[in-house]
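>>> please work out how this folds:
(2 chains)
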Amino acid sequence: MIYEVFRQERKGQPFHHAGSLEAADHTFAETYAKEFYGRRGESEALWVVPREAIIEVEDFADELNRNYHRVDGYSLKAKLKEARERAGRALVARNR
Amino acid sequence: MSEQEFLEYVQSGGQVETTNWMPDDYRAKLIKFIEMHGNSELMGVLPEREWILRAPTLQRKLALTAKVQDEVGHSQLIYRVVEDLGKPREQCLDDLISGKAKFHNVFHYPTKTWGDVGVIAWLVDAAAIISQKALLKCSYAPYARIMKKICWEESFHILHGRDVVLTLMNGTDEQRELVQEALDRWWGPLMQFHGNPIPKNDDPMYAWRIKSQGNEEARQQFLDGYVPQIWELGLSVPDPKLCKSDDGVWEYTEPDWDELKMVVTGHGPKSQDRLDLRRKAREHSAWVRDVVLARAA
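The predicted structure follows:
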């Protein structure tokens, strides 16, 4: 059985995929994972998961180019310029 | 995706995952290359293993054992990558033992003295790490990812090797002789290690971005990094033509490419002995595999 190993470098950090290993069962998988990815105390923690338990998702549709919920959907430069100029003119007019 | 589109994709830095489509030739070349790497890690432990019981101190014994353990671990990670590409590890081991698949030239030579152990861990591992660092950019992402771990572990190997050499160089005349004599024997294989200088653009491995540097580039990097380190210890390199020209290029006596070919096709001084050991080890441990697999079934 193939297992995927995820390792955490330091406390608080996300688990990153480190590689895969082949093992006869969960006990062997855990032992091998500790050997491969923890022999030198280089990992804070490991997640060892049978490959078949992983659901891979790759298709992300965005037909409407819905950038209204992303930062790149908002370009304020021109509007800001216009607003600053208007405010500047109003200030000059008040001070006459 | 067509083969031409795939080629353009990898040449502009595109990364390929296991489940992506790839041209048959790309897959075949990848398997052959990565398999040879796995074989080399597995066979590479044998020269050093011969010295575990003969190491001069406990610390050296532990360090050698740790190095051997790392290399075997690397071979397992690497065979795992090959399996995901479609070739089972049992078949890799069959081909290794039968001589159908190859492993790097340096592992076909004997280790005659403790000087060899130092020179190998320092310079052979250095030559290897140059190639391995270039593989960090391999277009096949699963391989590039395990290279990160391998490179990180190899860094202790080189330090250990250099420590052994420095300890000998700071010792007696006899110890210094040991290092020089080992270097004299290992220089030839070291110069052959990176392969003959096929221009990058004629190398299909480079075209597919499996390799990201040419053979000569790797060799030049090795010379640039390590000849000064060798010379500063008062050691000599057994090549009267070795020197760095004004334009920064190292010149040297043409390595013996015939020797390289003969060695990697299984005719090196220790090739058959070591493959024999591999075969016996596999036979003797078959019962362990059988028990484990039966238990899991």
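>>> doesn't B:Ile150 fall inside a helix?
Yes. Applying DSSP: H, G, I helix; E, B strand; the rest coil, one finds B:Ile150 inside a helix.
>>> can you pull out the strands in the chain?
As the question left the chain open, I've gone with chain A. For chain A, the strands defined by DSSP state E occupy A:2-8, A:15-22, A:45-50.
>>> meant chain B actually
Going by DSSP E, chain B shows strands at B:243-244, B:250-251.
>>> need the winner for burial among those strands.
Highest mean neighbour count of the strands of chain B: strand B:250-251, a mean of 14 (counted as mean count of other Cβ atoms under 10 Å in any protein chain shown). (C-beta placed from N, C-alpha, C; glycine too.)
>>> looking at the strands of chain A, which is buried most?
The most buried one of the strands of chain A (mean count of other Cβ under 10 Å) is strand A:2-8, showing a mean of 19.
>>> partners of that strand in the sheet?
strand A:15-22 (antiparallel), strand A:45-50 (antiparallel) (DSSP bridges).
>>> quick one, which of those gets closest to B:Asp239.
strand A:15-22 (39.8 Å; Cβ to Cβ).
>>> can I get the closest one in PDB, CA atoms only?
Extracted as PDB, the C-alpha positions of strand A:15-22 are listed here (Å, rounded to 0.1, in the frame of the first residue of the first chain):
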ATOM      1  CA  PHE A  15       1.900  20.300   7.200                       C
ATOM      2  CA  HIS A  16       3.700  20.000   3.800                       C
ATOM      3  CA  HIS A  17       3.700  17.000   1.500                       C
ATOM      4  CA  ALA A  18       7.100  15.300   1.900                       C
ATOM      5  CA  GLY A  19       6.900  12.200  -0.200                       C
ATOM      6  CA  SER A  20       5.400   8.800  -0.400                       C
ATOM      7  CA  LEU A  21       6.400   5.300   0.900                       C
ATOM      8  CA  GLU A  22       5.300   1.800   0.400                       C
END
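>>> got JSON lines for the strands of chain B, with distance to B:Asp84 and mean pLDDT too?
Formatted as JSON lines, the strands of chain B follow (distance: least, Cβ to Cβ, whole Å; pLDDT from 0 to 100):
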{"stretch": "strand B:243-244", "distance to B:Asp84": "43", "mean pLDDT": "96"}
{"stretch": "strand B:250-251", "distance to B:Asp84": "38", "mean pLDDT": "96"}
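>>> of those strands, which is nearest B:Tyr140?
Taking those one by one with Cβ to Cβ, strand B:250-251 is closest: 30.6 Å.
>>> name the residues that touch the closest one?
Applying Cβ atoms under 8 Å, 6 or more residues apart in numbering or on different chains, the external contacts of strand B:250-251 come out as B:Arg219, B:Gln220, B:Leu223, B:Asp224, B:Val227, B:Lys241, B:Leu242, B:Cys243, B:Lys244, B:Ser245.
>>> so can I have CSV of the strands of chain B showing distance to B:Val45?
As requested, these are arranged in CSV below (distance: least, Cβ to Cβ, whole Å):
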stretch, distance to B:Val45
strand B:243-244, 34
strand B:250-251, 31
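>>> wait, which of the ones you listed is closest to B:Asn20?
Of these, nearest to B:Asn20 by Cβ to Cβ is strand B:250-251, at 39.1 Å.
>>> where does the prediction get shaky in chain B?
Residues of chain B meeting the criterion pLDDT under 70: B:297.
>>> where does it get nearest to chain A, residue-wise?
Nearest residue of chain B to chain A (Cβ to the nearest Cβ) works out as B:Ala296 at 3.5 Å.
>>> hang on, that residue packs against A:Asp25?
Yes. Counting by Cβ atoms under 8 Å, A:Asp25 is a contact partner of B:Ala296 at 4.6 Å.
>>> find the residues that touch each one of these two.
With Cβ under 8 Å, 6+ apart as the test, B:Ala296 and A:Asp25 both reach A:Met1.
>>> and the nearest residue to B:Glu181 once chain neighbours are set aside, how many neighbours does it have?
Using Cβ to Cβ, 6 or more residues apart in numbering or on different chains and skipping residues adjacent in sequence, the residue nearest B:Glu181 is B:Gly115, 6.2 Å away. B:Gly115 has 24 neighbours, counted by other Cβ atoms under 10 Å in any protein chain shown.
>>> and B:Pro197, which of the strands of chain A is closest to it?
Proximity to B:Pro197 (Cβ to Cβ) singles out strand A:15-22 among those, at 33.1 Å.
>>> of the strands of chain B, which approaches B:Pro47 most closely?
B:Pro47 lies closest to strand B:250-251 among the strands of chain B, at 26.5 Å (Cβ to Cβ).
>>> no more questions from me, cheers.
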